[in-house]
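have a look; sequence and predicted model below, questions after that.
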Amino acid sequence: MALLALAGCATDPAPHEQMRLSEQALEQAKAVGATDEVAELKLAEDKLARARSNMASESYRDARLRAEQAELDARLAEARVLTLKSQEQLSLLQSRVNRLRKQLGEQQ
Amino acid sequence: MSSIKPLVAVLCAGVLGLQGCASERSETALDQAAASFQAVKDDSNVLRSAPRDVIRAGESLARAERLSSYVGSGADVRHYAYLSQRYSEIAREHSNLVLNQERLAKLELERQRLQLALREAKLVSVQQQGKWLEAQIVSLATTQSDRGLVMTLGDVLFDTGQAELKNSASRTVLKLVQFLQLNPRRVVRIEGYTDSTGTPEDNLTLSRDRAQAVADMLVDLGVDEKRIQVEGYGDQYPIEANASERGRAQNRRVEIVFSDEKGHLGAPR
């Protein structure tokens, strides 16, 4: 591994599969409603953009590393958005339950 | 450890020259990733809801640690430490989501339970239900100034000469029962009447039997017998002349006289 790393990018194959996975993760994050306001999504987009230019200049090793990070950034962005949404649902439902409890209290 | 650090730093500086020593930064990244991994690994909720991400966090961390023993691998160490860190964060986030979903499910059940309780409480609320039924009963009854509130069950509820209530009486009688349950102090007098066909004795018996049939049904449906008086008036007190069939039909009836809210019932005729 270290030898490979030291040998540089010449031996790295083009990470097409990784690029595809990263794009997919980014799409997925956007599909659940992640925007640039989610820091991790911004990171993912920037890294993927740089990975694409690395691909273009055949710096495949850099492309792979950035795409790998972009994939996880995007997945984290997605997860954060989903958690946030569930949090909002939770507080909405909680307020409804509180209102019901209050009404029931007045009823008795 | 502290005695090795300067040595590594010197080695790094020697090998990488102007690039500087990466090991310090790598070590920080590694430590942080290790701490994050430890935290998710020890959290049973995270393990339960995102086992695969926890495993990947561990694998990436192991890889970063393996690489850290090689000179000049700083960028790779940081890369895998970064990935490990991300997997841990993703796992934690998934776990938060699952916990929230579980809370949501519980809260939803609680909401349904409360809604049901509230609905029941509203129904049981005497004022509301009472008012509604009052309106229903009043719409079926007429107020006769001397006798109070009177509800008339027409002869269609009985077959000719029979004292048994027909099924079509059920709905009216049920409303009556509900009304009495919600107005526990009210009492009723059930009065039977016939037309002038037949002997006065037979008519008296028949009118009484019909009134009793209605009373029995009320009792069957849960109204206390003590709240019900039964009277048979035979062919007395006709409301129409008995000369026509229509008039006779109107005279064959059962009347229910309600007391006021305090239980005061006008005297029988």
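Noted; the coordinates are in hand. As the structure is a prediction and not an experimental result, all values here were calculated from the model.

quick check, pLDDT for residue 1.
Just so you know, I chose chain A. pLDDT for A:Met1: 43.

meant chain B actually
In this prediction, B:Met1 carries a pLDDT score of 42.

ok, now B:Ile55?
According to the prediction, B:Ile55 has pLDDT 97.

same question, A:Ala44
According to the predicted model, the pLDDT of A:Ala44 comes to 97.

now do the helices in the stretch 51-200 of chain B.
Along the stretch 51-200 of chain B, the stretches classed as helices by DSSP state H, counting those that start in this stretch are B:51-67, B:74-124, B:126-140, B:170-182, B:200-220.

B:Glu191 against B:Gln236, yeah?
No - B:Glu191 is not in contact with B:Gln236 according to C-beta atoms under 8 Å; the separation is 10.2 Å. Quick note: C-beta positions are derived from backbone N, CA and C, even for glycine.

higher neighbour count, the two?
The residue with the greater number of neighbours, taking B:Glu191 and B:Gln236 and applying other C-beta atoms under 10 Å in any protein chain shown, is B:Glu191; the counts read 26 against 15.

residues contacting that one?
With contacts defined as C-beta atoms under 8 Å, 6 or more residues apart in numbering or on different chains, the neighbours of B:Glu191 are B:Ser207, B:Ala211, B:Glu231, B:Gly232, B:Tyr233, B:Val254, B:Glu255, B:Ile256, B:Val257, B:Pro268, B:Arg269.

how about a cut-off of 10 Å?
Under the criterion of C-beta atoms under 10 Å, 6 or more residues apart in numbering or on different chains, the contact list for B:Glu191 reads B:147, B:150, B:152, B:207-208, B:210-211, B:214, B:229-233, B:237, B:253-257, B:268-269.

which SSE is the spatially most central residue of chain A in?
In chain A, the centroid-proximal residue (C-alpha atoms, centre = their mean) is A:Ala74; its distance is 1.4 Å. When elements are assigned from DSSP states H and E, A:Ala74 belongs to helix A:60-107.

same question, A:Glu58
A:Glu58 is located outside every helix and strand, with elements delineated by DSSP H and E.

chain neighbours aside, what residue packs nearest to it?
Once its chain neighbours are removed from consideration, A:Glu58 has its nearest residue in A:Ala14; the separation is 7.5 Å (C-beta to C-beta, 6 or more residues apart in numbering or on different chains).

in three-state terms, label that neighbour for me.
coil (DSSP: H, G, I helix; E, B strand; the rest coil).

kindly report the same for B:Ala241.
Reducing the assignment to helix, strand or coil with three-state DSSP, the entry for B:Ala241 is coil.

got the phi and psi for it?
Note on B:Ala241: backbone dihedrals following degrees, to the nearest 10 are phi -70, psi 140.

if I look at the residue nearest to it when sequence neighbours are not counted, what pLDDT would I see?
Take B:Ala241 and drop its neighbours on the chain: the residue closest to it by C-beta to C-beta, 6+ apart is B:Gly247, 4.9 Å away. According to the model's per-residue confidence, B:Gly247 sits at a pLDDT of 87.

for B:Gly247, grab the count of nearby residues.
Burial measure for B:Gly247: 15 neighbouring residues, criterion other C-beta under 10 Å.

pretty sure it contacts B:Pro238?
Yes - in this structure B:Gly247 lies within contact range of B:Pro238 using C-beta atoms under 10 Å: 7.6 Å.

any residues in contact with both of the two?
Here B:Gly247 and B:Pro238 have B:Asp195, B:Ser196 as joint contacts, going by C-beta under 10 Å, 6+ apart.

on that earlier part again, just the buried ones from the contacts of B:Glu191?
B:147, B:150, B:152, B:207-208, B:210-211, B:214, B:229-233, B:253-257 (16 or more other C-beta atoms under 10 Å in any protein chain shown).

circling back to that earlier point, is there proximity between the helix holding A:Ala74 and chain B?
Yes - legend: contact between helix A:60-107 and chain B by C-beta under 10 Å from any C-beta of the partner chain is shown at A:61-62, A:64-66, A:68-69, A:71-90, A:92-94, A:96-101, A:103-104, A:106-107.

just the C-alphas of stretch A:99-108, formatted as CSV.
C-alpha atoms of stretch A:99-108 as CSV (Å, rounded to 0.1, in the frame of the first residue of the first chain):
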residue,chain,number,x,y,z
ARG,A,99,-52.4,20.3,23.1
LEU,A,100,-54.5,17.2,23.4
ARG,A,101,-53.3,16.6,27.0
LYS,A,102,-54.3,20.2,27.8
GLN,A,103,-57.8,19.8,26.3
LEU,A,104,-58.3,16.6,28.2
GLY,A,105,-57.2,18.3,31.4
GLU,A,106,-59.8,21.0,30.8
GLN,A,107,-62.4,18.4,30.0
GLN,A,108,-62.1,16.7,33.4
